[in-house]
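Asker: Have a look at this prediction, sequence included:
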Amino acid sequence: QVQLQESGPGLVKPSQTLSLSCTVVGGSITTAYDSWTWIRQPPGKGLEWVGIIRYDGSTTYSPSLKSRTSMSRDTSKNQFSLQLNSVTPEDTAVYYCGRLRSWGYDYWGQGTQVTVSS
């Protein structure tokens, strides 16, 4: 069974960078054709897809967040990360990491609350 665990600061100040990591246990982030994703859910709103990093390290970001988003990975730690620059209170959300296989999403982390506030 694959387990994903998000980690990072729960509070970020406006204009700073939000940095989160997702540690994967029970599966490799380099397994062919697997992809690893970030989504978020602002309070009182629906889920929003943030971006994806594939098994080969290539990335795709949400068009609405692309200018502020960067995803990376550390294969030695089996981790992938999200950086979101110039955050505002509108970036306050629960952030989830998950795995996408050819047939769909199958595993998710429990989520981590990030609040943007001074």
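Answerer: The structure has been received and is ready for your questions. Numbering: from 1, shown residues only.
Asker: Quick check: which helices or strands does the helix or strand harbouring Ser21 pack against?
Answerer: Assigned by DSSP states H and E, Ser21 belongs to strand 18-25. Packing partners of strand 18-25 (3 or more CB pairs under 8 Å, 6 or more residues apart in numbering; DSSP states H and E): strand 3-7, strand 35-41, strand 79-84, strand 93-101, strand 112-116. For every residue, glycine as well, the C-beta is placed using N, CA and C.
Asker: Gly26 is nearest to which of the ones you listed?
Answerer: Of all the helices and strands packed on strand 18-25, strand 3-7 sits nearest to Gly26, with 5.6 Å by CB to CB.
Asker: The next helix or strand after that closest one: how far from the chain's middle?
Answerer: Using DSSP H and E, the helix or strand that follows strand 3-7 in sequence is strand 11-12. Chain-centre distance of strand 11-12: 16 Å, with CA atoms, centre = their mean, to the nearest Å.
Asker: Sheet partners, orientation included, of strand 11-12?
Answerer: Next to strand 11-12 in the sheet, as set by DSSP bridges, lie strand 112-116 (parallel).
Asker: Show me which positions of the partner strand end up buried.
Answerer: By 16 or more other CB atoms under 10 Å, the buried positions in strand 112-116 come out as 112, 114, 116.
Asker: contacting residues around the residue positioned nearest the centre of the chain?
Answerer: In the chain, the centroid-proximal residue (CA atoms, centre = their mean) is Trp38; its distance is 3.0 Å. The contact partners of Trp38, taken as CB atoms under 8 Å, 6 or more residues apart in numbering, are 20, 22, 50-52, 71, 82, 95-98.
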